[in-house]
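Student: need a structure here:
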Amino acid sequence: MTMLDRPAFWAVHLGLALGDGLDAALAALFGVPLGLLRGTYLRLTDDDGQPEFTVAAALAIRYRRQDVRYLLLPPDDEPIVLGVAEGVPDGPGLSWAELTGVAFRQAGPVSRARALLLLAPMLGDAGVPRGPLAQALRTVGVTGDADTVAARIAAAQPTTWRTVDGVRSCDHPGSTRNPDSARALPAQQRASVSALLDPGR
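Tutor: As a prediction, this is how the structure comes out:
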């Protein structure tokens, strides 16, 4: 059994991004034992753990002791940091159209659900539908209140996106894809991210 097969992983990965503590309330929300929840967190952040999960060989989620890094992996360049989360992410790095574009290109319902949820902490958009998120949670084995978790993910980082000169930009002040943000990626990287994540690819 891999880490992604464990419902407790999703409780840690999504719960921390939503600002929840590793407590009985989070365990109940996801339907997992509290001890398993905390044990999974230790495995993810221990110096001998710190795994990296990839999505379609183009995106990576890298656990470290102090944070989680969400990376875009251009084929011929250095990784681009879409966002960093020390618990709650600094800001969104993906629109709903981009997230579903990546996830729904995966083969099979389990792979699609995992991709959607691995990247969900980077989601920020207005009017995100709850249904696909709730279905993804159930597909990966979450037995708790999937509808409530999905609603919280959908509402976590409401923002708007715009396209200028072919580059999609985010209006959230904490987003690396907002050219006016203190965390903004360089213009060339923002253009590369927009092209690589184009939902129409």
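
Student: quick one, what contacts the closest residue in space to Trp161 that isn't next to it in sequence?
Tutor: Distances taken as C-beta to C-beta, 6 or more residues apart in numbering put Ser95 closest to Trp161, at 4.8 Å, once the chain neighbours are dropped. For the C-beta atoms, the positions are set from N, CA and C on the backbone; glycine is no exception. Each residue near Ser95 by C-beta atoms under 8 Å, 6 or more residues apart in numbering is listed here: 123-125, 161, 168, 170.

Student: now Thr160
Tutor: Going by C-beta under 8 Å, 6+ apart, Thr160 touches 125-126, 170-171.

Student: in this protein, which segments are predicted with low confidence?
Tutor: Across the chain, the ranges flagged by pLDDT under 70 are 201.

Student: now the contacts of Ser95 as CSV including distance to Arg177, neighbour count and secondary structure?
Tutor: Shown next, in CSV, are those (distance: C-beta to C-beta, whole Å; neighbours: other C-beta atoms under 10 Å; DSSP: H, G, I helix; E, B strand; the rest coil):
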residue, distance to Arg177, neighbour count, secondary structure
Leu123, 12, 24, strand
Gly124, 9, 27, coil
Asp125, 12, 20, coil
Trp161, 8, 21, strand
Arg168, 7, 21, strand
Cys170, 4, 26, strand
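
Student: Out of the residues you listed, the closest to Ala134 would be?
Tutor: Among those, Leu123 lies closest to Ala134 (C-beta to C-beta), at 14.2 Å.
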